[in-house]
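> This is a predicted model, with the sequence first.
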Amino acid sequence: MIVSGPAIRAVAASARVTLLCGPVGESAARALPGVDDVVVWDCPWISNPAPRATPESIQQLTDLLGDDIPEEAVILTSFHQSPLPLALVLRLAGVGRVSGASVDYPGSLLDVRLRPGEDLQEDQPEPLRALRIAAAAGFPLPPEDDGLLRVRYDDDVSDLLGDDTEPFVAVHPGASVPSRRWPAGRYWAAVRLLAEKGVRVVVTGSPAERELTAYVSGGLATDLGGRTDFGSMGGVLARAGALIAGNTGPAHLAAAVGTPVVSLFSPILPAIRWAPYGVPVVLLGDQEEACRGTRARECPLPGHPCLAGVTPEEAVDACLRLAAPRLAEIPRVQLQNGQLS
């Protein structure tokens, strides 16, 4: 959802935007500039786990739209998703013009069709891909828009961080699927290395990850596991010198608030498309491992070699280099030319 933000702003420059999203993306959808209304629908061909596709579940979308049927739809699918099922449902609901990118022949379902690999380059960041779809539909990005990720977030997070103004780095050890997670013990060791160097660390995570964040923080870091919503998470990350995280939503949120990212990136998805966009990034992880491009939820290789080979020292060194401008105020950390002395 966050990576679609620039394309949504492009549409919003000349039209009122109703954003259709699933339950997981609702918080991000409501934080995107340019969005006027949000319609939340649990889509049977997108959600995981997916609800059953029944006449009732499909009719629910038409009911949610009510009498305010959009005149036009721009479907911002990712490279491995088809816009055609949604295009059909929107046609039946009365939407007059539909645009999207489809490998498959769309018949009359799409008025504007981009052919991936022909009209639409696939090996590019997802924000640029979405912008290309919007432009083809007739919604170019205005010249004054820089095209970077952007979200609204909570400025005041003193209830989470206290009155302490000491700079810090953030660590987010969780991810939605196991194949994208750096081993928890590596995060634990990285937090300790940072603490030994005098760097304040804040560990973040969802309510379901409280046990993980407690382990990783281990009494040496501020544990915010389960204590942030989307807005306050954005506020915390906006104040961080850098974020250490896997390929997960908070990495894109960090990019949207301008914070550099140490990206522990499993090659199950292409980094050229899904690495944090528009901010300084250090990409760690073997991008040539045999799991490359599999989109596997569980690591298909023994020992999770693509990420397990990354040492805590590598992650900490990258973090200190990225965070150097904000951490320079900490007297116990001596930085010279971006390197820890």
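That came in fine, so what should we check first? Only a predicted model underlies this, so the values are computations on that prediction, with no experimental measurement involved.
> use CA for all of it now, contacts and neighbours both
Noted.
> Same question for the longest helix seen in the chain: list its buried residues.
Counting residues, the longest helix found in the chain (DSSP state H) is helix 312-327. Using 16 or more other Cα atoms under 10 Å as the test for burial, helix 312-327 gives 312, 315-324, 326-327.
> Report the rounded mean pLDDT for that helix.
In this model, helix 312-327 has an average pLDDT of 94.
> How about stretch 258-270?
For stretch 258-270, mean pLDDT is 96.
> And stretch 47-66, by the same measure?
pLDDT averaged over stretch 47-66 gives 92.
> With stretch 18-30 instead?
96.
> Next: stretch 192-199.
The pLDDT scores in stretch 192-199 average 96.
> Show me how far that stretch is from its chain's centre.
Its chain's C-alpha centre lies 27 Å from the corresponding centre of stretch 192-199 when counted by Cα atoms, centre = their mean, to the nearest Å.
> Mind listing what's buried along it?
Judged by neighbour count (16+ other Cα under 10 Å), stretch 192-199 contains these buried residues: R192, L193, L194, V199.
> got a list of what the third one touches?
Taking Cα atoms under 8 Å, 6 or more residues apart in numbering as the definition of contact, the neighbours of L194 are R200, V201, V316.
> Helix or strand: which one has it?
Per DSSP states H and E: L194 is located in helix 184-196.
> how distant is that helix from the center of its chain?
Centre-to-centre, helix 184-196 and its host chain are 24 Å apart (Cα atoms, centre = their mean).
> Also stretch 248-264?
7 Å.
> Would you map the strands across the stretch 51-200 of the chain?
72-74, 97-101, 112-114, 168-172, 200-203 (DSSP state E, counting those that start in this stretch).
> Between all of the buried residues of helix 312-327, which two are separated the most?
Spatial extent of the buried residues of helix 312-327 (Cα to Cα) is set by the pair P312 and R326 at 21.0 Å.
> Count the residues that sit near the residue lying closest to D223 once chain neighbours are set aside.
Distance criterion Cα to Cα, 6 or more residues apart in numbering; nearest residue to D223, sequence neighbours excluded, is V203 at 5.1 Å. Other residues within reach of V203, judged by other Cα atoms under 10 Å, total 25.
> Contacts only, for V203.
A170, V171, H172, P173, T213, V216, S217, A221, T222, D223, L224, G225.
> I'd like those residues as TSV, with neighbour count and distance to G278 appended.
TSV is the format used below for those (neighbours: other Cα atoms under 10 Å; distance: Cα to Cα, whole Å):
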residue	neighbour count	distance to G278
A170	26	18
V171	31	20
H172	24	19
P173	25	22
T213	29	27
V216	26	28
S217	24	29
A221	23	28
T222	19	27
D223	23	28
L224	22	26
G225	21	27
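> closest to V236 among these?
Nearest member of these to V236, counting by Cα to Cα, is A170, at 8.3 Å.
> for the closest one, which residues make a bridge with it?
A170 has these beta-bridge partners by DSSP bridges: V202, L243.
> pretty sure W274 is in contact with L128, am I right?
No: between W274 and L128 there is no contact under Cα atoms under 8 Å: 11.0 Å.
> just the strands of the stretch 51-200 of the chain: most buried one?
strand 168-172 (a mean of 26; mean count of other Cα atoms under 10 Å).
> same for it, what does it pack against?
Under the contact criterion of 3 or more Cα pairs under 8 Å, 6 or more residues apart in numbering; DSSP states H and E, strand 168-172 touches strand 200-203, strand 243-246, helix 312-327.
> could you dump these to CSV with distance to A254?
CSV is the format used below for those (distance: least, Cα to Cα, whole Å):
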stretch, distance to A254
strand 200-203, 14
strand 243-246, 7
helix 312-327, 13
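> of those, which approaches E166 most closely?
Ranking these by proximity to E166 (Cα to Cα) places strand 200-203 first, at 7.4 Å.
> Show the subsequent helix or strand relative to the closest one.
Where DSSP H and E defines the elements, the next helix or strand beyond strand 200-203 is helix 210-217.
> Show me what the helix or strand just after that following helix pairs with in its sheet, parallel or antiparallel.
As assigned by DSSP H and E, the chain's next helix or strand after helix 210-217 is strand 222-223. Neighbouring strands of strand 222-223 in its sheet, by DSSP bridges, are strand 200-203 (parallel).
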